[in-house]
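> Quick one: sequence and predicted model below, then my questions.
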Amino acid sequence: MWDVFLSYSRGDVDRVRPLARALRDGGLSVFTDETGVASFAGISDTIRRELARSKALLAYYSVGYPEREACQWELTTAYLAGLGEGDPRRRVMVVNPEHGTGHIHPVELRDARHASAEDPDALVTGVRGHVGRLDGPMPVRKYGAVRRTGGTPEPFPEFLGRLPELWQVHSALHAHSAPLVTGRAAAHAVQIRGMAGIGKTRLAQEYALRFEAAYPGGVYWLGGESYDEYEEWYENYAAYATRVGGAESRRRETGGEPFLWIVDGLPEGRLSTRELARFAAPRPGGHTLFTLRSRAYDGLGTPVDLGPLDAAHARVLVGDDVLARAVGGHPGASDLLGRAVRAGHGSRALYDRLHGPGVSPLDTLAAGEAGNGIRSMTASLVQDVDTPDAADVLRCAAALHPLPLSVDDVAGVLVAADAVPHVVAHRHAANGVAELRVRSLLSPASEDRWQPHPVTLHAWRHHDPAPARAEALRHAALRTLCGRRDPVTLAFPGSRREVPMAAPSESERMAAFDIQVELVTRIGVQELAPGTGSLREALASLKSLIDFTRGTLHTYNIGLQPGSAAGVATVQSLAYALINDTIRPFTTTWHPRLAAHEAGRPAAVAPLDHEANWPQAPAMRAELTSLREPLMRIAAGFGGISGADFGVPAVGQERPEAGGHPALRS
């Protein structure tokens, strides 16, 4: 029998060896797995046997520890062994080499005292004292040994890559067990959220199976046949919840024992958060776990958002790299394709069918496993796309795939396709993106860009009710993406040369407007009367205009036209003229002169009085006044792009001549 099973990530082997040596020198028998466990192999028979011969597990819980699947299997086994004895920490000890505890799951271990590897003597003493209080080896049970109640479905056999999510669910359900860490004193419901087929039900089943020892009051499952009476449920949800909850409560005589109450696959679209909350556990001691597609119920409980499988686990599940990439780690699609490959279907043929016309192979495979009466799998994936705005956003996403899209991208496509004002198109685009996000059909690709899952696009291609509309938006997306607009011809006076010019983009107009607003309110444009104002404030105002212009260029840089090589002023060329040709020569000349004068101000003299007595003040004011004309011409140039004048006379687009920018020519 081992005193300690030492669990650690292979990346920490050099740090763990001195720890193992100190434990053995301290008289403890220690098991370490020197051979390692193959990736994705779960927990081997050897490891399970040695765990069953060990009193406790000592986890070297580095940041990399949760990333190694074998470590998570070992930790789960020891944790559940202690949980079955009444204390989940009874068979688990933690060495935390990191500064924080946020990487440690479950939350009960995060709240525990952690040993430090920097003090080996204290660590050995603590471990020896802990195992000395244990009578024998940990009881490692086989899953399913504890009877489940309430009709919990049997788990799927394939379960890969979701161990961190299992711990997240458990920690969220038991956050009140560690109030000093989590700040919660009462149990909260938990909701597993994600798109159809992403594995919400499978994760809930696996959690119920593995962690049933935490719920001696039973595991209850509402779902499937429990929701056959949909119409009655919609009409009288409160009575239905009371009937189901009351029936389950009467089936137990265990009073306040903790129990798990799983509510799977609610048809949530038509109910409020308060109405859904009626389906929570009907009596004290219950831990409620919802599975939902919608992200609109933040008040229902702590969310655990479920995404696709990572590439490595998806490849194991499918058995083929190309097919795994084609369905983007979608567990439902990966499972079907993996079964087909193992049944002898060629992976290349399946790949071609995924991208070909006719019935989706996902529907064919699903029907073959469950009978011809099964509902279309792909139809269920996009059944929540139920408004024109959401449908148009999904069509635009399909046209631009694999590029992510923003609300502005969709608005641009709608403007090009429907010839509507940009403000109208933007509203429709924003509504559609928001609806798809709430329904878990768009995932964030960056701060303001979104992307649908490949399987969602595959399903939508087979079930789009308006394919002609999809084709029209595809054409508009290509025109917008390539920047192909009807050419505008400019003929310069006295010249036969013609230059095609694209109309200003929305980004160009918005950037021009933003800079124009700042420019027309600055002291260089609004004339400073003789003897008034502060020269130092005038310099500061011009300097802040430089900073604002630079920031605006950074904000809109992707959508801005390049410089005016063809003789047409753009935001970039006007900004260059504003900063480098107009403001900077003035500030670089006068800032050091004024600063030198200010440095000699007597303490008894006010700054404005000292400035007024400066012999060079009239010359600086004269040059400041002379800035007004070029600044107004630049403001008018921005107005020609933005369409706003702010009382500044419009300046026509003129042909540039050598030695000056068209916006600065007098």
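Good, I have the coordinates. Keep in mind that this is a model prediction, so the values were computed, not measured.

> so where do the helices sit in the stretch 401-550 of the chain?
407-418, 422-438, 454-463, 467-482, 506-520, 535-556 (DSSP state H, counting those that start in this stretch).

> for those, which one sits closest to D363?
For D363, the closest of the helices of the stretch 401-550 of the chain is helix 454-463, at 7.8 Å, according to Cβ to Cβ. No exception for glycine: its C-beta is placed from N, CA and C like everyone else's.

> what sits up against that closest one?
Residues from elsewhere that reach helix 454-463, judged by Cβ atoms under 8 Å, 6 or more residues apart in numbering: 195, 197, 326-328, 330, 332-333, 354, 359-360, 362-363, 376, 378-379, 381-382, 385, 394-395, 397-398, 401, 441, 452.

> now could you export just the CA positions of it as PDB?
Extracted in PDB, the C-alpha atoms of helix 454-463 (Å, rounded to 0.1, in the frame of the first residue of the first chain):
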ATOM      1  CA  PRO A 454     -18.900  25.600 -39.700                       C
ATOM      2  CA  VAL A 455     -21.700  23.100 -38.800                       C
ATOM      3  CA  THR A 456     -24.100  26.000 -38.300                       C
ATOM      4  CA  LEU A 457     -23.300  27.200 -41.800                       C
ATOM      5  CA  HIS A 458     -23.600  23.700 -43.200                       C
ATOM      6  CA  ALA A 459     -27.000  23.300 -41.700                       C
ATOM      7  CA  TRP A 460     -28.100  26.700 -42.800                       C
ATOM      8  CA  ARG A 461     -27.100  25.900 -46.400                       C
ATOM      9  CA  HIS A 462     -29.500  23.000 -46.300                       C
ATOM     10  CA  HIS A 463     -32.400  24.800 -44.600                       C
END
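
> How far does it sit from its chain's centre?
How far helix 454-463 lies from its chain's middle: 22 Å, per Cα atoms, centre = their mean, to the nearest Å.

> mean confidence for it?
Averaging pLDDT along helix 454-463 yields 93.

> In it, which residues are buried?
Buried positions in helix 454-463, judged by neighbour count with 16 or more other Cβ atoms under 10 Å: 454-463.

> Look at G299 and report its pLDDT.
Residue-level confidence at G299 comes out at 84, pLDDT.

> give me every residue that touches it.
Neighbouring residues of G299 by Cβ under 8 Å, 6+ apart: T273.

> quick revisit: Serialize the buried residues of helix 454-463 to CSV and add fields for distance to R210.
Output for the buried residues of helix 454-463, formatted as CSV (distance: Cβ to Cβ, whole Å):
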residue, distance to R210
P454, 30
V455, 27
T456, 30
L457, 34
H458, 32
A459, 31
W460, 35
R461, 38
H462, 36
H463, 36
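
> how about the nearest residue to P216 once chain neighbours are set aside, secondary structure?
Leaving aside its sequence neighbours, P216 sits nearest to E257 (Cβ to Cβ, 6 or more residues apart in numbering; 4.8 Å). Under the three-state scheme (DSSP: H, G, I helix; E, B strand; the rest coil), E257 adopts coil.

> from here on, count from 551
Shifting the count to begin at 551 puts that one at E807.

> Nearest residue to the middle of the chain?
Geometric centre of the chain, nearest residue: P994, 4.8 Å, by Cα atoms, centre = their mean.

> where exactly do the strands run in the stretch 851-1000 of the chain?
852-855, 993-994, 1000-1001 (DSSP state E, counting those that start in this stretch).

> Comparing these, which comes out most buried?
Highest mean neighbour count of the strands of the stretch 851-1000 of the chain: strand 1000-1001, a mean of 20 (counted as mean count of other Cβ atoms under 10 Å).

> which strands and helices sit next to that strand?
Contact here means 3 or more Cβ pairs under 8 Å, 6 or more residues apart in numbering; DSSP states H and E; on that basis strand 1000-1001 packs against helix 972-988, strand 993-994.

> Name all residues that make contact with the closest residue to H720 other than its chain neighbours.
The shortest distance from H720 to any non-neighbouring residue, by Cβ to Cβ, 6+ apart, is to P656 (5.0 Å). If you count contacts by Cβ under 8 Å, 6+ apart, P656 has them with 629, 638, 717, 720-721, 724.

> quick revisit: take the contacts of helix 1004-1013 and, keeping just the buried ones, write it as a ChimeraX select command.
Applying 16+ other Cβ under 10 Å to the contacts of helix 1004-1013, the buried members can be selected in ChimeraX as follows:
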select :745,747,876,877,878,880,882,883,904,910,912,913,926,928,931,932,935,944,945,947,948,991,1002
